[in-house]
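Peer 1: pasting the sequence and the predicted coordinates here, then a few questions.
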Amino acid sequence: MEGNKPEKKFSTGVISATVWKNNGVSKKTGEQTEYRTVSLQRSYTDKDGNWQTTNSLRVNDLPKAALVLQKAYEHIVLRDTDSTNNEEIAVQGVV
């Protein structure tokens, strides 16, 4: 089975938000569906100088977290909007 790979990653300093594309079955229709999730993390170096990650944020991390989460949200929403807009433009071009 192939591992899930990130679709897009947004980072500022040590804070990052990663957008993951997932496939599943809709509970409503029973059909295959695609959905996205976002993970948020902070990178840091431990006492031995090795890079580690955590989901725990400090107060000063919050503005950066808000920024990368906003960018992840825009990526997901605009991706969906772009495909809709492309169809609308094609329809408008025919008229």
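Peer 2: Structure's in. What do you need? Residues are numbered from 1 along each chain as shown.

Peer 1: could you list the low-confidence segments of this structure?
Peer 2: Applying pLDDT under 70 to the chain flags the ranges 1-3, 80-95.

Peer 1: now do the helices in it.
Peer 2: 62-94 (DSSP state H).

Peer 1: so which residue is dead centre in it?
Peer 2: residue 19 (2.1 Å; CA atoms, centre = their mean).

Peer 1: state the distance from it to residue 53.
Peer 2: Residue 19 sits 16 Å away from residue 53, going by CB to CB, to the nearest Å. All C-beta spots, glycine's among them, are computed from the backbone N, C-alpha and C.

Peer 1: got the contact list for the residue nearest to the centre of the chain?
Peer 2: Going by CB atoms under 8 Å, 6 or more residues apart in numbering, residue 19 touches 6, 7, 8, 9, 10, 36, 37, 38, 72, 75, 76.

Peer 1: state which strand of this protein is the longest.
Peer 2: strand 32-45 (DSSP state E).

Peer 1: adjacent strands (with direction) for that strand?
Peer 2: Partner strands and pairing direction for strand 32-45 (DSSP bridges) are strand 15-25 (antiparallel), strand 51-54 (antiparallel).

Peer 1: now it: how far from the chain's centre is it?
Peer 2: 6 Å (CA atoms, centre = their mean, to the nearest Å).

Peer 1: again with stretch 4-16
Peer 2: 8 Å.

Peer 1: what's in contact with it?
Peer 2: So stretch 4-16 is in contact with 17-22, 36, 40-44, 57, 61, 64-65, 67-68, 71-72, 75, going by CB under 8 Å, 6+ apart.

Peer 1: cool, stretch 63-73 as well?
Peer 2: 8, 10-13, 15-19, 38, 40, 57.
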